[in-house]
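> this is the structure alone, sequence omitted:
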DNA sequence: AATTTATGTCGTATGTTTGCGTCATAAAAC
DNA sequence: GTTTTATGACGCAAACATACGACATAAATT
């Protein structure tokens, strides 16, 4: 028994992957922080969240793996920010999916 | 050790909850099916997906618990369809979140 | 050179999700 | 009234996610 996700359509898998990224409040909070504080804070992120530095680092790693966040090393600290190109891509996926309700003309229940 | 999700903002938790619903291709596929086939299919859903009936039923249950899908019993079969009101609500949450990239004026990395 | 600081990596415990077979239920058909 | 059919509920195993302490690394400060 294992993840059968690969048997779905490419587009569905991609959207599910993006959704998974947003499926934890910590990752949403991180993205919002990065959007607000343009100053590309680094470890300060952990201070603003109710989680240990280790855990935050892990969530950040996930966002980085998905290319939604990029970090550049600046001496001792690391400067993180959103990857706007990838964010736009994700946005497009969600918008396309969320538009399907307009197809529905007659509800039967 | 347990889910610390409750320590985040209400809005972040709610969005994360919606995202979790969409974080599996099966649930995305179900939603898309329901949107396309206005005829409120019931167990046929399982036939269209690469998963057992049991598993599909479980995913459907999750969508129903979140009020995104409703089902009305019609004799032996059950007629499912999207709850458009809840779908709109979800859509709004995502749209609001996905707009944050417009706040970003100068990227530093 | 030793210490401090910012950060990542590893290991591990606990919790959650996924997937499915089997059983239960209740309407419909016979 | 028995059988068939459509469905949900239960229980379990495997996989995955979450959370964090302890350790490692490497730049900056002393």
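Perfect, I can see it now. Because the structure is a prediction, the values reported are computed rather than measured.

> contacts, neighbours, all on C-alpha from now
Will do.

> can you pull up the most central residue in chain A?
residue A:21 (4.2 Å; CA atoms, centre = their mean).

> what residues are up against that one?
Residues in contact with residue A:21 (CA atoms under 8 Å, 6 or more residues apart in numbering or on different chains) are A:27, A:62, A:63.

> can you tell me which of those residues are buried?
A:27, A:63 (16 or more other CA atoms under 10 Å in any protein chain shown).

> could you check how far the closest residue to DNA strand C within chain A is from residue A:56?
Going by CA to the nearest atom of the strand, DNA strand C is nearest to residue A:43 of chain A, at 2.8 Å. Taking CA to CA, to the nearest Å as the measure, residue A:43 falls 9 Å from residue A:56.

> and what of residue A:76?
18 Å.

> okay, those two: which has more neighbours?
Between residue A:76 and residue A:56, counted using other CA atoms under 10 Å in any protein chain shown, the more crowded position is residue A:56 (20 against 6).

> do you know the pLDDT at the more buried one?
We have a pLDDT of 95 for residue A:56.

> could you point out which element follows the helix or strand in which it is found?
Using DSSP states H and E, residue A:56 sits in helix A:53-65. Downstream of helix A:53-65, the next assigned helix or strand under DSSP H and E is strand A:69-74.

> list the contacts of residue A:70.
By CA under 8 Å, 6+ apart, the neighbours of residue A:70 are A:64, A:80, A:81, A:82, A:83, B:109.

> which residues pair with it across the strands?
Judged by DSSP bridges, the bridge partners of residue A:70 are residue A:81.

> quick one: work out the angle between the helix holding residue A:56 and strand A:69-74.
110 degrees (axes from the mean of the first three to the mean of the last three CA atoms, to 10 degrees).

> what are the phi and psi angles of the residue of chain A closest to DNA strand C?
Phi and psi for residue A:43, reported as degrees, to the nearest 10, are phi -70, psi -10.
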